[in-house]
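>>> Could you work out the structure for the sequence below:
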Amino acid sequence: MPSVTHDDAPLLADLMPWSVAPPRLGRAWPTGPDAASLKARWDALVKAEGPDREALFGVTRARTLHSAVGQLPGRPSGTGRLARASGRCAEPVRVLHGPFDEQWLIPDHRLIDAARPELWRVADEEQLFAVEQTPAPDAPPLLIASVLPVVPPQPKSLPVARPGRIRPLYRRPGGREPNLAPGLLDLLAERLDHSPTPLDVLAWTVAVARPGPRGCAVPLTADPELWSHGTGLGHRMLWLMRRDGERPRLPGGRRPYVRAPLPSRPVELRYDRDEETLHLDEGRISPVPPAAWDFEVGGVRVLDQWFAGRTSVPEPGTLEAIRPATWPQAWTSELLEVITVLSLLAELRPQQAELTPGTPITATDLRKTGILPPSDTSRRPASVLDHHEEGPEGQFTLL
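Next up, the predicted model:
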């Protein structure tokens, strides 16, 4: 059956006008797959003095031990110069370190080259982030996350999928003011004869988004039955990508288990397609469907990047070298969940391909109604008029 495509499909960049580049860390040590190691790294940093602290920190043009920056919005951390910092580490928070790879970050503005405070201001339990991906065959052009995606430094000789623009679903905290082209929800309500929510629009978007020559395209439909089917499929995809509710499970007999204990420090990941078995050195996990092993984002195999993020060998004497001495059980549980999520998402691809065009709502239609192009204001972050944030050296600013 033909896919939901149309030469005049509106672009994601117009339907969700406000976008921000992902936070760029500039140094690897403030992130990691376990929070305890991050606190130990901070302790090692503040115990060092002078040139030793500077070498551990990792100076860049954007950040030195003397950089003056304010707090990350909503995150209690110091604002004094790092050269004289002491005391406890800011409590680590979950971030999206790579596709389907949630890790931890020390939320301290002094440690992050480009933190994008406008994203932190709207990051709460109601928020979802649509993350554009590098176009690649058979790979999703859009991922959804409940936690803030970040860009860690590029590791040497290790391919990684880099996130593109981030489009929050809401422009204000508390799920207020959807980041949608003004008038879009009203038009959809009129054409579909029911009132879709912002989350419905995001669900439809993730189900039908496709890369195009002008950017990520989102074919829209005025067919109520097709919309219902597409949003149902999209909500299933959102649930799998968010991973913040009931844990997804494959049916019995297809559920991955540890068949041979994982070693204390695995160094090699390989896959036996005939046996559907994932090998971590002598450790074995099965069954692992080929679709989970082959799942790529941005031209990079998801499981390869996930494994490398926990096993790549850091340079001795660096803060990154402070890490668990053995493979934690929690990482095994996370790996089993990632395999499950990738398997279930791969199973939905045929249903995505079977969505038929129905009655399209084209970009031309949206321009005729004045919805496109979106206003310049909708492309900028919403102003916050009553929120105090601590600036450098404890000074408060009113935004």
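
>>> Buried residues, the lengthiest helix in the chain. List them.
Criterion DSSP state H: the longest helix present in the chain is helix 329-354. Of the residues in helix 329-354, those with enough neighbours to count as buried (16 or more other CB atoms under 10 Å) are 331-332, 334-346, 352. In this view, the C-beta of every residue, glycine as well, is placed from N, C-alpha and C.

>>> Equivalent analysis for stretch 226-244, please.
By neighbour count on 16+ other CB under 10 Å, the buried set for stretch 226-244 is 226-227, 229-231, 233-241, 243.

>>> Can you show me the CA trace of it as PDB?
The C-alpha trace of stretch 226-244 is given here as PDB (Å, rounded to 0.1, in the frame of the first residue of the first chain):
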ATOM      1  CA  LEU A 226      -6.800   7.400   9.200                       C
ATOM      2  CA  TRP A 227      -6.000  10.000  11.900                       C
ATOM      3  CA  SER A 228      -7.300   7.700  14.600                       C
ATOM      4  CA  HIS A 229      -5.300   4.800  13.300                       C
ATOM      5  CA  GLY A 230      -2.100   6.800  12.900                       C
ATOM      6  CA  THR A 231      -2.300   8.500  16.300                       C
ATOM      7  CA  GLY A 232      -2.900   5.100  18.000                       C
ATOM      8  CA  LEU A 233       0.200   3.800  16.300                       C
ATOM      9  CA  GLY A 234       2.100   7.000  17.300                       C
ATOM     10  CA  HIS A 235       1.000   6.800  20.900                       C
ATOM     11  CA  ARG A 236       2.400   3.300  21.000                       C
ATOM     12  CA  MET A 237       5.700   4.600  19.600                       C
ATOM     13  CA  LEU A 238       5.800   7.400  22.100                       C
ATOM     14  CA  TRP A 239       5.300   5.000  25.000                       C
ATOM     15  CA  LEU A 240       8.100   2.900  23.800                       C
ATOM     16  CA  MET A 241      10.500   5.800  23.200                       C
ATOM     17  CA  ARG A 242       9.700   7.600  26.500                       C
ATOM     18  CA  ARG A 243      10.300   4.600  28.700                       C
ATOM     19  CA  ASP A 244       8.900   6.400  31.700                       C
END
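
>>> from the chain's centre, how far out does it sit?
Put simply, stretch 226-244 sits 17 Å off its chain's centre (CA atoms, centre = their mean, to the nearest Å).

>>> got it, and stretch 316-323?
25 Å.

>>> Same check on stretch 25-40?
Distance, centroid of stretch 25-40 to centroid of chain: 17 Å (CA atoms, centre = their mean).

>>> If we go by neighbour counts, what in that stretch is buried?
25-35, 37-40.

>>> Could you single out the nearest of those to W120?
L25 (13.6 Å; CB to CB).

>>> Do you know the pLDDT at that closest one?
L25 is assigned a pLDDT of 95 by the prediction.

>>> and R27, how far is that from D304?
Using CB to CB, to the nearest Å, R27 is found at 23 Å from D304.

>>> Equivalent analysis for L142, please.
L142 is 21 Å from D304, by CB to CB.

>>> What ranges in the stretch 101-250 of the chain fall below the confidence cut-off?
156-157 (pLDDT under 70).

>>> one step back: among the buried residues of stretch 25-40, which ones are in helices?
Reading helices off the buried residues of stretch 25-40 with DSSP H, I get A35, S37, L38, K39, A40.

>>> OK, contacts around the residue nearest to the last one when sequence neighbours are not counted?
Counting by CB to CB, 6 or more residues apart in numbering, A40 lies nearest to I322, which is 5.0 Å off, once chain neighbours are set aside. Under the criterion of CB atoms under 8 Å, 6 or more residues apart in numbering, the contact list for I322 reads W29, S37, A40, R41, A44.

>>> Take those and lay them out in JSON lines including pLDDT.
Formatted as JSON lines, the contacts of I322 follow (pLDDT from 0 to 100):
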{"residue": "W29", "pLDDT": "97"}
{"residue": "S37", "pLDDT": "98"}
{"residue": "A40", "pLDDT": "98"}
{"residue": "R41", "pLDDT": "98"}
{"residue": "A44", "pLDDT": "98"}
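
>>> Would you map the helices across the stretch 51-200 of the chain?
Applying DSSP state H, counting those that start in this stretch to the stretch 51-200 of the chain gives helices spanning 117-120, 184-192, 198-208.

>>> And the contacts of the second one?
The contact list for helix 184-192 (CB under 8 Å, 6+ apart) reads 15, 178, 195-196, 198, 201, 220, 222, 224, 227, 361, 366, 369, 371.

>>> which of those residues count as buried?
Among the contacts of helix 184-192, those classed as buried by 16+ other CB under 10 Å are L15, P178, P196, P198, V201, L220, A222, W227, I361, L366, I371.

>>> For stretch 135-152, buried residues please.
135, 139-152.

>>> quick one, what contacts the closest residue in space to L269 that isn't next to it in sequence?
Nearest non-adjacent residue to L269, counting by CB to CB, 6+ apart: F307, 4.5 Å away. The neighbourhood of F307, defined by CB under 8 Å, 6+ apart, consists of P266, L269, L280, L335.

>>> Sticking with F307, tell me its helix or strand.
According to DSSP states H and E, F307 maps onto helix 302-311.

>>> That helix to helix 329-354, inter-axis angle?
160 degrees (axes from the mean of the first three to the mean of the last three CA atoms, to 10 degrees).

>>> Now helix 302-311 - C-alpha only, PDB.
Output of helix 302-311 as PDB, limited to C-alpha atoms (Å, rounded to 0.1, in the frame of the first residue of the first chain):
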ATOM      1  CA  VAL A 302      22.000   1.600  18.500                       C
ATOM      2  CA  LEU A 303      23.300  -1.400  20.500                       C
ATOM      3  CA  ASP A 304      26.900  -0.800  19.400                       C
ATOM      4  CA  GLN A 305      26.700   2.800  20.600                       C
ATOM      5  CA  TRP A 306      25.000   1.900  23.800                       C
ATOM      6  CA  PHE A 307      27.700  -0.800  24.600                       C
ATOM      7  CA  ALA A 308      30.600   1.500  23.700                       C
ATOM      8  CA  GLY A 309      29.200   4.200  26.000                       C
ATOM      9  CA  ARG A 310      29.900   1.800  28.900                       C
ATOM     10  CA  THR A 311      33.000   0.000  27.900                       C
END
